[in-house]
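**Q** Next one to model:
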Amino acid sequence: MNNKAIEVLAQERFYTTGVKIKAGRIVPIYWDPKAALSYPVVLKTIAQEFARIIKKIKPKIEVIAGSETGGISLAATTAMELNLPWVYIRKKSKGYSTDALVEGIYRKRSSCCTG
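**A** A predicted model of the protein is given here:
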């Protein structure tokens, strides 16, 4: 990983005073991963690292998927690094329009990497 990205990751939104997480527990140390969205160099570095790992572990991936809302930017940037299509997965269908749980174009039974 790029040193500048590591420095930003370490400093931005890093809490040591205890933060309540979605599961309801208080964790003593917490880093808000969404902080990366505000720093293009950090987001690109994370996407490059994800792409490197995916190529190594699962080279035949056909589509990258991210969960709404936090996973969308990482899925999109990682997919661009790999030159692959990407989709995002909704928590629940909207109840209107296409009513899709998965937004984007993909083939059924595609090899997919989610994050």
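
**Q** Now do the same for the longest helix anywhere in the chain: mean pLDDT, whole number.
**A** Counting residues, the longest helix found in the chain (DSSP state H) is helix 40-57. The pLDDT scores in helix 40-57 average 89.

**Q** Just the buried residues of that helix, please?
**A** Buried residues in helix 40-57, counting neighbours by 16 or more other CB atoms under 10 Å, are found at 42-48, 50-51, 54. Just so you know, the C-beta spots here come from the backbone N, C-alpha and C atoms, and that holds for glycine as well.

**Q** and which of those residues is nearest N3?
**A** Taking CB to CB as the measure, N3 lies nearest T45 of those, at 9.7 Å.

**Q** would you list every one of the helices in the protein?
**A** So, for the chain - with DSSP H - the helices run 3-11, 40-57, 72-82.

**Q** Reformat these as CSV; add distance to Y106.
**A** Converted to CSV, the helices of the chain look like this (distance: least, CB to CB, whole Å):
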stretch, distance to Y106
helix 3-11, 30
helix 40-57, 16
helix 72-82, 11
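
**Q** As CSV, the buried residues of helix 40-57 with distance to C113 would be great.
**A** As requested, the buried residues of helix 40-57 are arranged in CSV below (distance: CB to CB, whole Å):
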residue, distance to C113
V42, 21
L43, 17
K44, 18
T45, 18
I46, 14
A47, 12
Q48, 15
F50, 9
A51, 10
I54, 6
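
**Q** And the residue nearest to G66 when sequence neighbours are not counted, how close does it get to T45?
**A** The shortest distance from G66 to any residue other than its chain neighbours is 2.7 Å, reached at A75 (CB to CB, 6 or more residues apart in numbering). Applying CB to CB, to the nearest Å, the value for A75 to T45 is 16 Å.

**Q** can you check P33 too?
**A** According to CB to CB, P33 stands 13 Å off from T45.

**Q** ok, back up a step: list the helices and strands the longest helix of the chain packs on?
**A** Applying 3 or more CB pairs under 8 Å, 6 or more residues apart in numbering; DSSP states H and E, one finds that helix 40-57 contacts helix 3-11, helix 72-82.

**Q** Now the first one: average pLDDT?
**A** Looking at helix 3-11 alone, the average pLDDT works out to 68.
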